[in-house]
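# Predicted structure and sequence below. I'll ask about it afterward.
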Amino acid sequence: MNISLLFKIAAVGILVSILSQVLKHSGREEQAFLTSLAGLLLVLFWIVPYIYDLFTQIQELFSL
């Protein structure tokens, strides 16, 4: 896992939290929720290949 992935996740978290707070204070709770959901999905799409690799490595480890 690259350190750049961690920085990307942190940047998305910071941006989503700022946008969410701005949207909530302006009375747009629905857009704030959708922004949070989009950030979560983006990070999940980045992490899913690493989780898949982890499960395949565990499967190979126990199939010995």
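That came through, no problem.

# For whichever strand or helix holds Y50, what is the distance to the chain centroid?
Using DSSP states H and E, Y50 maps to helix 29-62. Chain-centre distance of helix 29-62: 6 Å, with C-alpha atoms, centre = their mean, to the nearest Å.

# Okay, buried residues for stretch 12-27 please.
By neighbour count with 16 or more other C-beta atoms under 10 Å, stretch 12-27 contains the buried residues V12, V16, L19, S20, L23. The C-beta positions use only the backbone N, C-alpha and C, and glycine is treated the same way.

# got the contact list for it?
E29, Q31, A32, T35, S36, A38, G39, L42, V43 (C-beta atoms under 8 Å, 6 or more residues apart in numbering).

# Check those against I58 and report the nearest one.
V43 (22.2 Å; C-beta to C-beta).

# Quick one: low-confidence residue ranges for the chain.
1, 64 (pLDDT under 70).

# middle-most residue in it, spatially?
Note on the chain: the residue nearest the mean C-alpha position is V43, at 2.2 Å, using C-alpha atoms, centre = their mean.

# wouldn't that residue be in contact with I9 here?
Yes: using C-beta atoms under 8 Å, V43 is in contact with I9, at 5.4 Å.

# C-alpha coordinates for stretch 21-39, PDB please?
Taking C-alpha atoms only, stretch 21-39 is exported to PDB below (Å, rounded to 0.1, in the frame of the first residue of the first chain):
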ATOM      1  CA  GLN A  21     -20.300  21.700   6.900                       C
ATOM      2  CA  VAL A  22     -20.700  24.500   4.400                       C
ATOM      3  CA  LEU A  23     -23.700  22.800   2.800                       C
ATOM      4  CA  LYS A  24     -25.300  22.100   6.100                       C
ATOM      5  CA  HIS A  25     -24.900  25.700   7.300                       C
ATOM      6  CA  SER A  26     -26.500  26.900   4.100                       C
ATOM      7  CA  GLY A  27     -29.500  24.700   4.600                       C
ATOM      8  CA  ARG A  28     -28.800  22.100   2.000                       C
ATOM      9  CA  GLU A  29     -28.700  18.900   4.100                       C
ATOM     10  CA  GLU A  30     -29.500  16.700   1.100                       C
ATOM     11  CA  GLN A  31     -26.500  17.800  -0.900                       C
ATOM     12  CA  ALA A  32     -24.300  17.500   2.200                       C
ATOM     13  CA  PHE A  33     -25.400  13.900   2.600                       C
ATOM     14  CA  LEU A  34     -24.800  13.200  -1.100                       C
ATOM     15  CA  THR A  35     -21.300  14.800  -0.900                       C
ATOM     16  CA  SER A  36     -20.500  12.500   2.100                       C
ATOM     17  CA  LEU A  37     -21.800   9.500   0.300                       C
ATOM     18  CA  ALA A  38     -19.800  10.300  -2.900                       C
ATOM     19  CA  GLY A  39     -16.600  10.700  -0.800                       C
END
